[in-house]
Structures are given as structure tokens and as C-alpha cells.
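Colleague: A predicted structure for the sequence below; I have some questions about it.
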Amino acid sequence: MAFGVFHRNEATYQTAEDARLQEETRELWGRTPKNGLGPAVQAYQSAGIKQPRRLEFNTNVKPGAESPFEAWWYLNLTSGVEAREKDGETFACIPIDVVCNLQV
Amino acid sequence: MIRLRRLASDLTPSPSAIFWRPIEYFADHIESGEDSLDAFQSASFEIGNQLIFDLRHYRAHPNFTVTFYLDAAIEDEALIQDAIWSAVEGFGLPRQAIAWRRGDDFTAGNLTRTSEDRLREKEARILVLKVAAQSKNRSATMEEIRREIPKLFPLTERDRVASPSRRNEQLWQQIVRNVVSHQNSAKSLFKLGFAVKHESGVKITTKGISYLKSIGFSM
């Protein structure tokens, strides 16, 4: 896959169970950010601090926006981002290849 | 004029610039939040009634940096650059404080801070005002000023070299001393009416508070 390696540190919305599912489904989902207007997938670039427990991945979907610290993929704004629905909530989704899952 | 927004902005954030300053440099009122990426600290601002942006520091961002976010719907590159410069000028930031702007190339790995980004008198004047504004009775001693400034400004090796005129002081400390002691120069905090000097330090005036508010720093 062309873009990455990105990472997500273990956090409220990146639990060990999330990492297991992401590795199994090869999908990364993102919800609407606080006060945001639509769902987005987010991840850190390599210049972002890596915590010991994290998921690293790459993707073939070009980020919609990126800085040296992070990358964002926006539903309805970024080509290649798909919608997923769960429990009445809409999520943004990108396909990923997990490079390493350190949240086991 | 930059105004701190007390309500969080309704924008879908798109990282557009990074500054070599901590979020505390820009705002006394900082919110905590969390999204799909991580926990973060943030402050929302507006310039005029049209430009709204957030400053955020996510937990995995390097210390002493803050990222400037515009709404993702803004795609015009010229508008984005104008917004960045409006914020830089509005905050009174030196250009050397810009670590990255949208459109700049970057490679994987750490950003490198220019050695030109060191403390100078113009920025030191603002920092002295900010420290005084947040101190008891809006008054700060030299000891408090020296203690607090490194929390707002990431000192470099160049800042820490020994002062050429006072060997027991670092260069940044001499610059701060100059700011507090020079009362008669046209740009002096005291000449401008932003502060008054007292025996042990500096007290910010109402005019000084208004000036800080005009650069987005509201208490």
C-alpha cells in the first residue's frame, strides 16, 4: 500500500479490541470529531510520539490532509474514503494493512 | 484583531500549520478534549467574523508545538496561506516560529527548528505581559518572570549561551532584564502604557490587558 506508515497510540477510541478488529477486518474507522461536521479517520505520522502500545499501518488511500504529525481522511471530502454505519452512527472508513499491532 | 472564542468552533479540522510554541503561549483559557485520534488541548479563535480556527496540541505531538487547524472545507491554497499569515501576524508571532505550513514538503521524521528562532526583545515584551497578566494582582516579580517564560517559550541552545555582558546570566535572561529595565525607549512596555514598573518587578495595566486581548490572549 502506498501511504504510510501511520500509527495510532492506545487511547479511548483505540483500544486493544479496536486494534484486533482493525487487524482482522483490514479497515480503520473514524467518527465525527468533537464539534466537527462529518466523520474522519485520523492517525499520527512518524513525527508524532509513538507509545509502546500502538497500531501501525499503511493504506492505499491518500490522506485528505496531513501535517508532519498527523493525517486525516474525510468522508465525502477525500477520495477513497467509504461510509460505514453502526448503531445509528456514520463512520468514515479506509482500507489498511497492519504493519504491527503492539496492543496485544 | 484575534479573539478567543469561549465556545468550541464547529469545524472539521484540517492541519494547516505548526508553530514552535506551546498552546499556553496563545491562550490562558484552554479546553481539553478527545477524538478518534487521541486526547488533546485546544483553543478556538476568530479573526473578524469570518476566519475561525483552532489551535490544538494532541497528546503525541512533540512538546512545545501547537498545530493550527482550519476547516477541511477550505481548499483554496491562497485562502489557506492568507489565513495562516493572518494568524501569525495577529498573534505577534515571529516568522521563525513557523515550523511547517500546508504546502511545505516534509519527510518522515522530526521537524527541525531553525536556530534563528530564539527569544528577542519584541517577543520577550509580550511574554512579560502574559506572565504578569496571569500573576497575582496582575503583578510579577523578576523571579516569577524568569521562572514562567521558559514554560511559554521553548528556549534553544542560542538562548542559553552566557550573556556577553553578564557572565552569570544566559542570553535570554539578559533580554528579559532589558525589557523590564528599559523604560524610556519608544517600544518599552512602560512607555506604551502596557505596564508599570515597581520595586520587584512589573504590573500590567488595563491598557496592557487590552493589548493582550487584541492578540487573542484573554484572561
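Modeller: Alright, I've got the coordinates. Numbers count the residues shown, from 1 in each chain, chains lettered A, B, ... in the order given.
Colleague: beta partners for A:E66?
Modeller: Beta-bridge partners recorded for A:E66 (DSSP bridges): A:A71.
Colleague: give the contact list for it.
Modeller: A:E66 makes contacts with A:45, A:72, B:15, as judged by C-beta atoms under 8 Å, 6 or more residues apart in numbering or on different chains. Using the backbone N, CA and C atoms, a C-beta is placed for each residue, glycine as well.
Colleague: and for A:W72?
Modeller: Neighbour list for A:W72: A:40-42, A:63-66, A:78, B:13-15, B:72 [criterion: C-beta under 8 Å, 6+ apart].
Colleague: can you tell me the closest non-neighbouring residue to the residue most central in space within chain B?
Modeller: Central residue of chain B (C-alpha atoms, centre = their mean): B:Y25, 3.7 Å from the mean position. Distance criterion C-beta to C-beta, 6 or more residues apart in numbering or on different chains; nearest residue to B:Y25, sequence neighbours excluded, is B:L152 at 4.8 Å.
Colleague: hmm, B:F153 and B:W20 touching each other?
Modeller: No. B:W20 is beyond contact range of B:F153, at 9.2 Å (criterion: C-beta atoms under 8 Å).
Colleague: need the contacts of A:W72 in CSV (columns: pLDDT, secondary structure and distance to B:L51).
Modeller: Shown next, in CSV, are the contacts of A:W72 (pLDDT from 0 to 100; DSSP: H, G, I helix; E, B strand; the rest coil; distance: C-beta to C-beta, whole Å):
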residue, pLDDT, secondary structure, distance to B:L51
A:A40, 95, strand, 21
A:V41, 97, strand, 26
A:Q42, 96, strand, 23
A:P63, 96, coil, 24
A:G64, 95, coil, 21
A:A65, 95, strand, 17
A:E66, 94, strand, 22
A:T78, 96, coil, 23
B:P13, 92, strand, 14
B:S14, 95, strand, 14
B:P15, 96, strand, 16
B:A72, 92, coil, 15
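Colleague: in chain B, where is pLDDT below threshold?
Modeller: B:108-109 (pLDDT under 70).
Colleague: now do the strands in it.
Modeller: B:2-5, B:13-19, B:31-34, B:39-47, B:51-58, B:66-71, B:98-101, B:139-141, B:195-198, B:201-204 (DSSP state E).
Colleague: next: chain A.
Modeller: So, for chain A - with DSSP E - the strands run A:3-9, A:27-30, A:40-44, A:54-59, A:65-66, A:70-74, A:82-86, A:89-95, A:97-101.
Colleague: need the winner for burial among those strands.
Modeller: Among those, strand A:40-44 has the highest mean neighbour count (mean count of other C-beta atoms under 10 Å in any protein chain shown), at a mean of 27.
Colleague: can you list the residues of chain B near chain A?
Modeller: With C-beta under 8 Å from any C-beta of the partner chain as the criterion, chain B comes near chain A at residues B:8-16, B:18, B:33-39, B:58-62, B:65, B:67, B:71-73, B:99-100, B:102, B:106, B:108-111.
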